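A.B. asks: got a predicted model here, sequence first, then my questions.
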Amino acid sequence: MSKQIDLVLAPSVQSDNSRILAAIENQLGRVLKLSGYRIIKRSIDARHRNVVINLRVEVFFQGEEMPPVFVTREFPHVNNNKRVIIVGAGPAGLFAALRCLELGIKPIIIERGKDVRARRRDLANIHKNHIVDPDSNYCFGEGGAGTYSDGKLYTRSTKRGDVRSILETLAQFGASEDILVEAHPHIGTNKLPGIIAAIREEIIKCGGEVFFNTRMTDIEDKDGKVTAVTTATGERIVGDAVVLATGHSARDIFELLHKKNILIEFKPFALGVRAEHPQEIIDRVQYHCEIRPDELPPASYSLVHQSFGLGVYSFCMCPGGIIAPCATAQNEVVTNGWSPSKRNNPYANSGIVVPVHWEHLVEYQRFGPLAGLYFQKEVENFCWSEAGSTQVAPAQRMVDFIQNKRSSDLPKCSYQPGVVSANLNQLLPSHISMHLVEGFKAFGKKMKGYLTNEAILVAPESRTSSPVRIPRDKDTMAHPELKNLYPCGEGAGYAGGIISAALDGQKVVDALAFSLYS
């Protein structure tokens, strides 16, 4: 019978099969003969001077057959008895569609943006020409915001559902099986588009439908139920239920619901800057060495500091990454970060953000549940106008920001549209800049070398999560006023990344299936 054991190894040993076997035999004794082993979890422990690799391995003994890493899931062909409209083709929408297939329901996905390949031209247009297509950009299009913004799969949402099943599904459609092993799994922006396209092809093969360039502009409802949705071309699409998986930047959807008096709520979010260092600085600090060994990946970090009662924290940290222009309208600047699968760019970037609560929005509370949305929008518009009314972003050296002075020059930066020197203390809301200053001072004490003028701050990091929550009944998962409308994922305020959004997509379909067939 197989046995799981934990090994603590030097980085140079982790890829050496014979030395791993020797470590296993040393722990178990050489009396038992092995037929093989499989690594089931890998993590790096860099807390001490000597960095080590923690491995959990499953050991198989002589006579035992090693089972497959995972079992490929078969999706049945669906008939037309029940039709569910899924608005949005991000992880929540795609995994909702796959769950529909499993339950014999026909999914009809409508996506305002383009397919995952066609999106690339629009992203290039932002970088080169500073032109933002409001329906096809880093946030909108097949795969959602995560497709071209990293593909990080780490989640703390283990109680929300079967995380392993989500990872196995991604592996089934082309992701490396390493995501089943790594403590902080990551696909990479260069590999994720192919996986997304394979999922879409499976949905269509099994009888689902997927429509791109199809933006929902209205919801028809009668007697407490949605009867149909209308698209920008005037097409009317009828279904038995509607899953709203529109993403955290679908401001037009929030405004539509509010205009139609469909209940929505303000939701706290966070706002700040992108902090970018040369990767070698982060490697040196985290790995306690001058030059990172080849056996170790580019280092990451996770930081948090309580500043006068508010947490300042790192968000979406990208080792070997790039800062991306993530605006969804022409007259705004928005930043985010991503890394390729090898994480081999010379910079490390992370959002450093401060929470925004209702009490911070006194001037915006007249907008009711949309207060956070309009606050967020105004910051982005202000940064756009102050930086030259293009996708060039305002930026400042980190120590200069602490000292409240405009940088006389700026270091090289991965943000391709370009950066311009500005005093971010004057551009960002005062409560944001004040807490950021305190946060960076504290981070400099926690990570010696982090607080440096070799680091650049690029503003704003404003799309950390949705500023609106679309409420739903905790038992039925449906909107409290429309019993067949199912808010879902990041856009509805119930997820915070690819995995949690995918889990939420599955969960709402389980609930709506119970309603449809009961």
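C.D. replies: Yep, it's here.

A.B. asks: and for K114, nearest residue in space, chain neighbours not counted?
C.D. replies: Spatial nearest neighbour of K114, excluding adjacent residues (C-beta to C-beta, 6 or more residues apart in numbering): S136 at 4.7 Å. Yep, even glycine has a C-beta here, placed from its N, CA and C like the rest.

A.B. asks: domains in the protein, as residue ranges please.
C.D. replies: In terms of domains, the chain is parsed into 3-61, 83-265+468-517, 268-461 (source: automatic domain parsing).

A.B. asks: reformat those as TSV; add mean neighbour count, distance to V71 and mean pLDDT.
C.D. replies: Formatted as TSV, those follow (neighbours: other C-beta atoms under 10 Å; distance: least, C-beta to C-beta, whole Å; pLDDT from 0 to 100):
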stretch	mean neighbour count	distance to V71	mean pLDDT
domain 3-61	14	15	90
domain 83-265+468-517	21	8	94
domain 268-461	20	25	96
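
A.B. asks: re earlier: the residue nearest to K114 pairs with what?
C.D. replies: Under the criterion DSSP bridges, S136 forms beta bridges with D133.

A.B. asks: the longest strand in this protein is where?
C.D. replies: The residue-count maximum for a strand in the chain (DSSP state E) belongs to strand 34-45.

A.B. asks: these two touch, right, T227 and I237?
C.D. replies: No - using C-beta atoms under 8 Å, T227 makes no contact with I237, being 10.5 Å away.

A.B. asks: isn't T214 right up against K114?
C.D. replies: No - using C-beta under 8 Å, T214 is not in contact with K114, being 10.5 Å away.

A.B. asks: will you turn the domains of the chain into CSV that also has distance to F75?
C.D. replies: As requested, the domains of the chain are exported to CSV (distance: least, C-beta to C-beta, whole Å):
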stretch, distance to F75
domain 3-61, 26
domain 83-265+468-517, 4
domain 268-461, 26
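
A.B. asks: now do the contacts for I219.
C.D. replies: By C-beta atoms under 8 Å, 6 or more residues apart in numbering, the contact set of I219 is 226, 229-230, 242, 256-257, 260, 262, 485.

A.B. asks: if we use 10 Å, what do you get?
C.D. replies: Contacts for I219 (C-beta atoms under 10 Å, 6 or more residues apart in numbering) come out as 87, 226-230, 242, 244, 253, 256-257, 260, 262, 482, 485.

A.B. asks: ditto for R469
C.D. replies: Shown in contact with R469 (C-beta under 10 Å, 6+ apart): 254, 263-268, 369, 372, 487, 491-494.

A.B. asks: tell me which of the residues you listed fall in helices.
C.D. replies: When DSSP state H defines the helices, the subset of these inside them is 254, 372, 491-492.

A.B. asks: spatially, which two of those are the most separated?
C.D. replies: Across the ones in helices among the contacts of R469, no pair lies farther apart than G372 and A492, at 14.3 Å, counting by C-beta to C-beta.

A.B. asks: list just the nearest of the ones in helices among the contacts of R469 to I109.
C.D. replies: I109 has its nearest neighbour among the ones in helices among the contacts of R469 in G491, at 14.5 Å by C-beta to C-beta.

A.B. asks: and P417, which of the three is it?
C.D. replies: Reduced to three states with DSSP: H, G, I helix; E, B strand; the rest coil, the structure at P417 is coil.

A.B. asks: which one of the domains of the chain lies nearest to E74?
C.D. replies: Closest to E74 of these is domain 83-265+468-517 (C-beta to C-beta; 9.2 Å).

A.B. asks: ok so, going back, helices or strands next to the longest strand of the chain in the packing?
C.D. replies: Using 3 or more C-beta pairs under 10 Å, 6 or more residues apart in numbering; DSSP states H and E, the elements in contact with strand 34-45 are strand 3-9, helix 17-28, strand 52-61.

A.B. asks: which of those sits closest to I126?
C.D. replies: Among the helices and strands packed on strand 34-45, the nearest to I126 by C-beta to C-beta is strand 52-61 (39.0 Å).

A.B. asks: quickly run through the sheet partners of the next helix-or-strand element following the closest one, with directions.
C.D. replies: Scanning forward in sequence from strand 52-61 by DSSP states H and E, the next helix or strand is strand 83-87. Here strand 83-87 has these sheet partners by DSSP bridges: strand 106-110 (parallel), strand 241-244 (parallel).

A.B. asks: dump the ones you listed into TSV; add distance to P185 as well.
C.D. replies: Converted to TSV, those look like this (distance: least, C-beta to C-beta, whole Å):
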stretch	distance to P185
strand 106-110	25
strand 241-244	26
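
A.B. asks: helices of the stretch 351-500 of the chain, start to end?
C.D. replies: Residue ranges of the helices in the stretch 351-500 of the chain, as given by DSSP state H, counting those that start in this stretch, are 371-386, 398-402, 424-427, 430-446, 489-492, 498-517.

A.B. asks: to P185, which of the ones you listed lies closest?
C.D. replies: That would be helix 498-517 among those, by C-beta to C-beta, at 8.8 Å.

A.B. asks: now do the same end-to-end measure for stretch 270-287.
C.D. replies: Taking C-alpha to C-alpha, to the nearest Å, the first and last residues of stretch 270-287 lie 30 Å apart.

A.B. asks: list residues touching both of T227 and I237?
C.D. replies: Common contacts of T227 and I237 (C-beta under 10 Å, 6+ apart): E220.

A.B. asks: in CSV: the helices of the stretch 351-500 of the chain, plus distance to S2.
C.D. replies: As requested, these are exported to CSV (distance: least, C-beta to C-beta, whole Å):
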stretch, distance to S2
helix 371-386, 50
helix 398-402, 50
helix 424-427, 55
helix 430-446, 41
helix 489-492, 37
helix 498-517, 27
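
A.B. asks: quick one: closest of these to D294.
C.D. replies: Closest approach to D294 among the helices of the stretch 351-500 of the chain (C-beta to C-beta): helix 430-446, 27.1 Å.

A.B. asks: could you tell me the end-to-end distance of stretch 261-269?
C.D. replies: End-to-end distance for stretch 261-269, by C-alpha to C-alpha: 23 Å.

A.B. asks: you'd agree K152 is up against P91?
C.D. replies: No - using C-beta atoms under 10 Å, K152 makes no contact with P91, being 11.4 Å away.

A.B. asks: return every residue with contacts to both of the two.
C.D. replies: 146, 497-499.

A.B. asks: what's the closest of the residues you listed to R119?
C.D. replies: Distance to R119 across these (C-beta to C-beta) is lowest for G146, with 12.5 Å.

A.B. asks: show me the contacts for the closest one.
C.D. replies: By C-beta under 10 Å, 6+ apart, the contact set of G146 is 90-91, 138-139, 152-153, 187, 189, 192, 196, 247, 338, 490, 497-499, 501-502.

A.B. asks: separation between it and A197?
C.D. replies: 14 Å (C-beta to C-beta, to the nearest Å).

A.B. asks: need the pLDDT of M66.
C.D. replies: At M66, the model reports a pLDDT of 89.

A.B. asks: so what's it up against?
C.D. replies: When contacts are counted by C-beta under 10 Å, 6+ apart, M66 touches 2, 35-38, 58, 60.

A.B. asks: let's see that with 7 Å instead.
C.D. replies: Applying C-beta atoms under 7 Å, 6 or more residues apart in numbering, we find M66 in contact with 36, 38, 60.

A.B. asks: before we move on, back to that, wait, which of the ones in helices among the contacts of R469 is closest to I110?
C.D. replies: Closest approach between the ones in helices among the contacts of R469 and I110, by C-beta to C-beta: G491, at 14.1 Å.

A.B. asks: that'll do, ta.
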